[in-house]
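Asker: got a predicted structure plus its sequence, pasted below:
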Amino acid sequence: MPRIANRSKQTLLVFQSLLGAPMSWTHGYELSQLTGLKSGTLYPLLMRLSEQGLLEDRWEESDVAGRPPRHAYRLSSSGRAFAREALSETHEAAATPRRRLAKQS
């Protein structure tokens, strides 16, 4: 049974990066650059999200001779909905303490 998707800081960084161009395929190295996550954190996360059906993944042949194929990722339709919800909830949770402070002033 696959793990339930979490909403860790690292997962949210990946979601945020992929939602920037939700229909485009993004290579793992590019995601590493966008998120600042190291490969030992990023690739296991991408594999879990793919197993959970939140990401689509595929191998792409390189257009440069001698370069091996690369793995590319994009959010699935359920992944886009989940990512938007997770980021929205995180944004709301972060704003809530500020609202309380503003009301107390």
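Answerer: Sure, I can see it.
Asker: which residues of this structure score low on pLDDT?
Answerer: Across the chain, the ranges flagged by pLDDT under 70 are 1-5, 91-105.
Asker: go again using 50 as the cut-off
Answerer: 1 (pLDDT under 50).
Asker: residues near the residue nearest to residue 39 when sequence neighbours are not counted, how many?
Answerer: Leaving out its chain neighbours, the residue that sits closest to residue 39 by Cβ to Cβ, 6 or more residues apart in numbering is residue 32, at 6.3 Å. All C-beta atoms are positioned from the backbone trio N, CA, C, and that covers glycine. Residues lying near residue 32 (other Cβ atoms under 10 Å) number 16.
Asker: quick one: residue 32 and residue 88, what's the gap?
Answerer: 25 Å (Cβ to Cβ, to the nearest Å).
Asker: likewise for residue 46?
Answerer: The spacing between residue 46 and residue 88, counted by Cβ to Cβ, is 22 Å.
Asker: same question for residue 37.
Answerer: 22 Å.
Asker: which of the two has more neighbours?
Answerer: residue 37 (20 against 10).
Asker: three-state assignment of the more buried one?
Answerer: Classification of residue 37 by DSSP: H, G, I helix; E, B strand; the rest coil places it in coil.
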